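# coordinates only, sequence not included:
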């Protein structure tokens with residue numbers, strides 16, 4: 001059925017969940033408001049968005065070193081109180097997110113909102129120049145561009161990744177579930193990934209050049 005903006009607004013006002021989350025559960029429940037509310041509660045999304053406006057200045061620094069010690073992650077996960085920062089559920093969330101970062105090689109930013117505007121402009125320019133768009137009408141071309149750009153940006157965004165331990169939810173939904181569970185705003189402030197050899201220019205040996213050099217010495 002067609003889900004109206006008014007239905008989404010009503011559900012959002014009742015639960016505090018995000019607009020897209022409200023739309024998804026309304027579609028899944030065929031517009032049944034009560035069922036949609038229940039689905040949001042089961043997902044831990046109801047009221048999470050209201051809490052997301054509160055200041056989160058406490059938290060922890062989490063680290064994770066992957067097996068083999070070739071790649072590791074440091075991240076800062078914030079909450080509102082030191083009490084919640086000491087909760088095992090909060091610390092487990094931080095560890096899960098750190099593992100997610102290691103498992104997501106394309107991820108460079110916490111969210112799409114952190115991606116620099118100049119990068120987005122350049123990506124759109126590159127996509128717009130692809131041969132398969134050359135002869136398409138402007139309206140069609142723009143729609144395809146938006147879809148491709150959205151996909152590209154989400155590939156770089158950590159919170160848009162499918163959670164490695166439960167692939168039917170995103171990292172953002174995982175955080176919202178923990179917000180609902182612990183009753184405090186939780187925000188992933190920043191992260192940094194470290195890889196052995198990262199940032200170092202490696203010398204690449206050319207076999208043909210090596211042979212030529214040896215022959216010259218003879």
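Structure's in. What do you need? Just so it is clear, the model here is predicted, and its values are computed rather than measured. Residues are numbered from 1 along each chain as shown.

# What spatial separation is found between the nearest residue to residue 70 once chain neighbours are set aside and residue 158?
The shortest distance from residue 70 to any non-neighbouring residue, by Cβ to Cβ, 6 or more residues apart in numbering, is to residue 196 (4.8 Å). Placement of C-beta: from N, CA and C, glycine included. Distance, residue 196 to residue 158, using Cβ to Cβ, to the nearest Å: 22 Å.

# quick one, which of the two is more surrounded?
Taking neighbours as other Cβ atoms under 10 Å, residue 196 and residue 158 compare with residue 158 leading, 23 against 10.

# For burial, what's the neighbour tally of the nearest residue to the more buried one once chain neighbours are set aside?
Using Cβ to Cβ, 6+ apart and skipping residues adjacent in sequence, the residue nearest residue 158 is residue 107, 4.8 Å away. When neighbours are defined as other Cβ under 10 Å, residue 107 has 21 of them.

# Also residue 190?
Other residues close to residue 190 by other Cβ under 10 Å number 13.

# quick one, domains of this protein?
5-46, 59-195 (automatic domain parsing).

# Check whether residue 124 really touches residue 147, as I assumed.
No. Counting by Cβ atoms under 8 Å, residue 147 is not a contact partner of residue 124; they are 11.8 Å apart.

# out of the two, which sits in the busier spot?
Set residue 124 next to residue 147 and count neighbours by other Cβ under 10 Å: residue 124 wins out with 15 against 11.

# got the contact list for the more buried one?
145, 149 (Cβ atoms under 8 Å, 6 or more residues apart in numbering).

# Kindly report the same for residue 123.
Residue 123 neighbours (Cβ under 8 Å, 6+ apart): 149, 152-153.

# quick one: which of those is nearest residue 116?
Nearest to residue 116 out of these is residue 153 (Cβ to Cβ; 11.1 Å).

# quick one: that closest one is in a helix?
Yes. Remark: residue 153 belongs to a helix, assigned using DSSP: H, G, I helix; E, B strand; the rest coil.

# you'd agree it is up against residue 120?
Yes. Under the contact definition of Cβ under 8 Å, residue 153 touches residue 120, with a separation of 6.9 Å.

# For the protein, which segments count as helices?
In the chain, the helices defined using DSSP state H lie at 5-15, 19-28, 33-43, 48-51, 82-85, 88-102, 117-128, 138-156, 171-182, 207-217.

# Mind putting the ones you listed into TSV with mean pLDDT?
Below are those laid out as TSV (pLDDT from 0 to 100):
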stretch	mean pLDDT
helix 5-15	80
helix 19-28	85
helix 33-43	81
helix 48-51	58
helix 82-85	91
helix 88-102	96
helix 117-128	86
helix 138-156	85
helix 171-182	89
helix 207-217	56
